[in-house]
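Asks: Fold the following, please.
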Amino acid sequence: MSTHPDKFSFFEDYADYAEAFEPESIDRRARRHRKNRIKPPTFRERDEEVAALGEAVGLEDGFNITYQPAKHERVWLLDSLRPFYDQHLISDVVAIVKGGKEASVYRCAAAPETGATWLAAKVYRPRMFRNLRNDKRYRQGRRVIGTDGKDIKDNDLREMRALGKKTTFGEQIAHTSWLMYEYQTLESMFEAGGDVPRPIAVAANAILMGYVGDEAMAAPTLSEIRLERDEARPLFQRVLHNVAMLLQQGLVHGDLSAYNVLYWNGSVTLIDFPQVVDSVRNSEAYDILARDITRLCDYFNRYRLRADPHTITRQLWRQFVDVPHAEDIAADLSWLPLREEAEVQG
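Replies: Numbering: from 1, shown residues only. Have a look, this model is predicted:
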């Protein structure tokens, strides 16, 4: 079950309160040069307007939530998740699971039609991708994906011109493309049997996916826990299995570490894929993969392993990029240079 956003109007309709949500993003120079000089509202006045709009967004269509967000957050949250409510995928937003600079994740009560109890909604902050650090490094060789999930072609002149000039419309296209990369990666990995959340639906500014955890707590990341001694090796191998699956699809995670691998009931789940890198067309893909592997080794080497990131990166690259489409990933990982140590390191 999946749905795709149809247009960019979501961003255009709410540009004003997006700025109120992140006041530092206001372009003051542009404001000074406007021909029609109108006294801008004070932040207090804007707060009141945004809060009122947030109430209307929820009440007029019955989308009333248990979670109590801040004033600016309420508008963005309700409007980002309303498509999922309208499609009878969620019935409530119960709690925030994780807040971040780029996006926040919320635990939602699933609608009966989904067959699930809880679902996770990842809602991107307004215009977060405008200031994504080193974004050119990740975009190199990547397609631009539109709201319909299809590639934007070079002959789509309006879109390509907007991207080149970095207009507001171009920023919206770029934002949507990053979001769609995450959703499509979840789809392809889930279908291939990867350890990722089940993708449910995508909207203009949010992704709905399977929830990992229970009512009491969401699954923690590896960075938040200490593994049992006998868990480290099989879990590390499982994470590398998923890295190999990504490489089979021509992708590198790009930001993989113990901070975006969830742990629940002895299993791992990889998350956060908007910055995936094209392993063939991106000239920096090998270095980005090496960084991912090094971060993983740094974590797992605190246990009874001596994992060499350089050897692992080289072998993965050779088997899944230089000689692509290996059919049996499990067999191809039998070379892993992991040896138990007498004592836990670090």
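Asks: Please make it C-alpha for all contacts and neighbour counts, starting now.
Replies: OK.
Asks: ok, Ala192 to Tyr85 distance?
Replies: 28 Å (Cα to Cα, to the nearest Å).
Asks: Neighbour count: the two, which is higher?
Replies: Tyr85 (18 against 13; other Cα atoms under 10 Å).
Asks: ok, and for the one helix or strand that one maps to, which residues are buried?
Replies: Secondary-structure element containing Tyr85, defined by DSSP states H and E: helix 71-86. Using 16 or more other Cα atoms under 10 Å as the test for burial, helix 71-86 gives 71-85.
Asks: Same check on stretch 315-323?
Replies: Residues 315-317, 319-321 are the ones in stretch 315-323 that count as buried (16+ other Cα under 10 Å).
Asks: Let's see which of these end up in strands.
Replies: For the buried residues of stretch 315-323, not one is inside strands, with DSSP state E as the criterion.
Asks: Now the two most distant members of those residues.
Replies: With Cα to Cα as the measure, no two of the buried residues of stretch 315-323 lie farther apart than Gln315 and Val321, at 9.8 Å.
Asks: Let's test this: mean pLDDT of stretch 222-236, rounded?
Replies: Here the mean pLDDT over stretch 222-236 is 95, rounded to a whole number.
Asks: Residues contacting it, please?
Replies: When contacts are taken as Cα atoms under 8 Å, 6 or more residues apart in numbering, the neighbours of stretch 222-236 outside the stretch itself are 258-263, 266-268, 296, 300, 303-305, 338.
Asks: quick one, strands of the stretch 51-200 of the chain?
Replies: Read by DSSP state E, counting those that start in this stretch, the stretch 51-200 of the chain holds these strands, from start to end of the chain: 90-98, 103-110, 118-124, 199-202.
Asks: elements contacting the helix or strand following the last one?
Replies: Yep, that's strand 199-202 we're talking about. As assigned by DSSP H and E, the chain's next helix or strand after strand 199-202 is strand 206-210. The criterion is 3 or more Cα pairs under 8 Å, 6 or more residues apart in numbering; DSSP states H and E, and the helices and strands that strand 206-210 contacts are helix 71-86, strand 118-124, helix 168-191, strand 199-202.
Asks: care to break this structure down by domain?
Replies: Following automatic domain parsing, the chain resolves into domains at 9-210, 222-332.
Asks: mean pLDDT lowest for which of the ones you listed?
Replies: The weakest mean pLDDT among those belongs to domain 9-210, with a mean of 72.
Asks: Could you report the neighbour count for Tyr124?
Replies: Counted with other Cα under 10 Å, the neighbours of Tyr124 add up to 23.
Asks: Quick check: it vs Met209, distance?
Replies: In this structure, Tyr124 and Met209 are separated by 14 Å, where distance is defined by Cα to Cα.
Asks: same deal with Thr313?
Replies: Counting by Cα to Cα - Thr313 and Met209 are separated by 30 Å.
Asks: Show me where the chain has its helices.
Replies: Per DSSP state H, the chain carries helices over the ranges 9-13, 15-21, 28-32, 43-59, 71-86, 135-139, 157-165, 168-191, 232-248, 285-300, 309-317, 329-332.
Asks: neighbours around Asp230, how many?
Replies: Asp230 - counted by other Cα under 10 Å - has 10 other residues nearby.
Asks: Over to Gly115?
Replies: By other Cα under 10 Å, the burial measure for Gly115, its neighbour count, is 9.
Asks: start the count at 374, not 1, going forward
Replies: Happy to do that; since the first residue is 374 now, the last one works out to Gly488.
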